[in-house]
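>>> Pasted the sequence and its predicted model underneath.
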Amino acid sequence: MTKKPSEKSSGASKDPTRRRKVASGAGVPSAVAAKARPTTSDMVSVSLVVNNVHHSLALDPRTTLLDLLREHLDLTGTKKGCDQGQCGACTVLVDGRRINSCLTFAAMYDGAQITTIEGLARNGALHPLQQAFIDHDAFQCGYCTPGQICSAVGLLAEGRAKTADEIRELMSGNICRCGAYTNIVAAIQQAMGQS
Ligand code: FES
Ligand code: FES
């Protein structure tokens, strides 16, 4: 007998997707789940300045800097790509130095100054690199762009890149799946005053 559409849909709701099962913790033995959740005494206090705003938080010590920004502070401009240190989408500046925020624990940066893509503009004016990315159409989907721009800000501060080849080499940790590399290099050159 052929199933009516209504029977199909009610069957689907009784059989949750894998994503829902994982989110609900189904299948995880309760003793394991309880151990995985930090108790209040396991939490660590972290105090840092993000985009010139001071934050004091109690965190699970396993919280990455990326998750602190996105999940605790709602600064979702910084993107999670690979979550393994291989794509650069999560690049932010810590005390002016560019790092992959997915690879590092927030608790390591107590007292640090963090700058994300949301903190680059000043008094309503875009950072020169943000403007240069627009001028050179240096993105397509835009997913990698916050990381590219923060990384480029760090690159300029380092002062090591003088040529297009050196820009390419020193930006090689930032992957663009849309392949906007030519325009990204041109944008960085503009911000360096080379075009
Ligand atoms: S998300 Fe951090 S390097 Fe890919
Ligand atoms: S613009 Fe799409 S990944 Fe870079």
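Received it, and whenever you're ready, just let me know what you need. Ligands and ions are numbered 1, 2, ... in the order given.

>>> now the strands: where do they sit in the protein?
Secondary structure of the chain (DSSP state E): strands at 44-50, 53-59, 91-94, 97-100, 113-115.

>>> For the chain, just list every one of the helices.
Assigned by DSSP state H, the helices in the chain fall at 5-14, 18-24, 30-36, 65-67, 128-135, 145-158, 164-170, 181-191.

>>> and residue 110, how many residues sit next to it?
Residue 110 has 12 neighbours, counted by other C-beta atoms under 10 Å. From N, CA and C alone the C-beta is placed, and that goes for glycine too.

>>> Could you verify my assumption that it touches residue 49?
No - with contact defined as C-beta atoms under 8 Å, residue 110 does not reach residue 49; the gap is 10.8 Å.

>>> re the thing from before, for the helices of the chain, which has the smallest mean pLDDT value?
When those are compared by mean pLDDT, helix 5-14 comes last with a mean of 43.

>>> Wondering if stretch 66-85 reaches ligand 1 at all.
Yes - for stretch 66-85, a contact with ligand 1 is found by C-beta under 6 Å from any ligand atom, at 80, 81, 82, 83, 85.

>>> Of these, which is the nearest to residue 92?
Residue 92 lies nearest to residue 80 out of those, by C-beta to C-beta, at 12.0 Å.

>>> Look up how far ligand 2 lies from the closest one.
For residue 80, the distance to ligand 2 equals 13 Å [C-beta to the nearest ligand atom, to the nearest Å].

>>> mind checking pLDDT for that residue?
Per the predicted model, pLDDT is 98 at residue 80.
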